[in-house]
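Colleague: Sequence plus predicted model, see below.
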Amino acid sequence: MTERSIRLLPTSDLGQLGGELRALFDAAWAGKEDEFSDTDWGSALGGTHVLLEVGGAIASHASVVERILESGEHAMRTGYVEAVATWPEQQGNGYATDVMGAVARVLDERYELGALDTGLTRFYERLGWEVWRGRTTVRTDRGMIGTPEEDGLVMVRRTPTTPSDLDLDAPISCDWRPGDVW
């Protein structure tokens, strides 16, 4: 059996791996309705990259970037998960599950909440993530703007420091950013 290992790297230490990761994302999103864009890549930068390597080569990836999500009286320091991908020919080997296990440890150690936006609800639910049932919005310099197209697609993972009274049926907002805000 080929050895697999997990590495955590800040974006500043990616160096030449950036090109290899971009090729991974392009392959993983090829033929999908929304291909992986330069803006998507930009959203995945600035945090911690979780790399699963098999035989010394990257097989799977996720990044965790810091964002502030607000719901009710809570402004939560959130580890937002981006760019979860596995090479297509290596999918089905549990690599993304292993990567998300490492992501969970990062979230538990550093953040009040984990969050992501996905259409793969079942995959994440089996890993302890929950669908945010309330309305989603984005905070902008023009005020709050609804993002109804994201309702039901945002998922959260509670950490040891998540507020105990967090209500998944309440509205939630994210900070504005270019491209997909969620």
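Modeller: Everything's here; your move.

Colleague: where exactly do the strands run in the chain?
Modeller: 4-10, 48-54, 57-71, 74-86, 113-117, 130-131, 136-140, 143-146, 154-158, 172-175 (DSSP state E).

Colleague: Turn those into CSV, including mean neighbour count and mean pLDDT.
Modeller: To be clear about C-beta, it is placed using only N, CA and C from the backbone, and glycine gets the same treatment. Output for the strands of the chain, formatted as CSV (neighbours: other C-beta atoms under 10 Å; pLDDT from 0 to 100):
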stretch, mean neighbour count, mean pLDDT
strand 4-10, 14, 97
strand 48-54, 21, 98
strand 57-71, 21, 98
strand 74-86, 22, 98
strand 113-117, 23, 98
strand 130-131, 15, 98
strand 136-140, 18, 98
strand 143-146, 11, 97
strand 154-158, 21, 98
strand 172-175, 21, 98
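
Colleague: Could you list every helix and strand that the longest helix seen in the chain packs against?
Modeller: Longest helix in the chain, counting residues (DSSP state H): helix 95-110. When contacts are defined as 3 or more C-beta pairs under 8 Å, 6 or more residues apart in numbering; DSSP states H and E, helix 95-110 sits against strand 4-10, strand 48-54, strand 57-71, strand 74-86, strand 113-117.

Colleague: Which among those is found nearest to residue 136?
Modeller: For residue 136, the closest of the helices and strands packed on helix 95-110 is strand 113-117, at 8.9 Å, according to C-beta to C-beta.

Colleague: Give me the contact list for that closest one.
Modeller: For strand 113-117, the external contacting residues (C-beta atoms under 8 Å, 6 or more residues apart in numbering) are 64, 67, 69, 76-82, 84, 103-104, 107, 124, 129, 132, 150, 153-159, 162, 166, 174, 180, 182.

Colleague: Find me whatever residue is spatially closest to residue 54, sequence neighbours aside.
Modeller: residue 4 (4.8 Å; C-beta to C-beta, 6 or more residues apart in numbering).

Colleague: any idea how far that neighbour lies from residue 90?
Modeller: Distance of residue 4 to residue 90, computed by C-beta to C-beta, to the nearest Å: 10 Å.

Colleague: what's the overlap in contacts for these two?
Modeller: With C-beta under 8 Å, 6+ apart as the test, residue 4 and residue 90 both reach 54, 59.

Colleague: how far away is the residue lying closest to residue 55 once chain neighbours are set aside from residue 109?
Modeller: Leaving aside its chain neighbours, residue 55 sits nearest to residue 2 (4.5 Å; criterion: C-beta to C-beta, 6+ apart). In this view, residue 2 and residue 109 are 29 Å apart by C-beta to C-beta.
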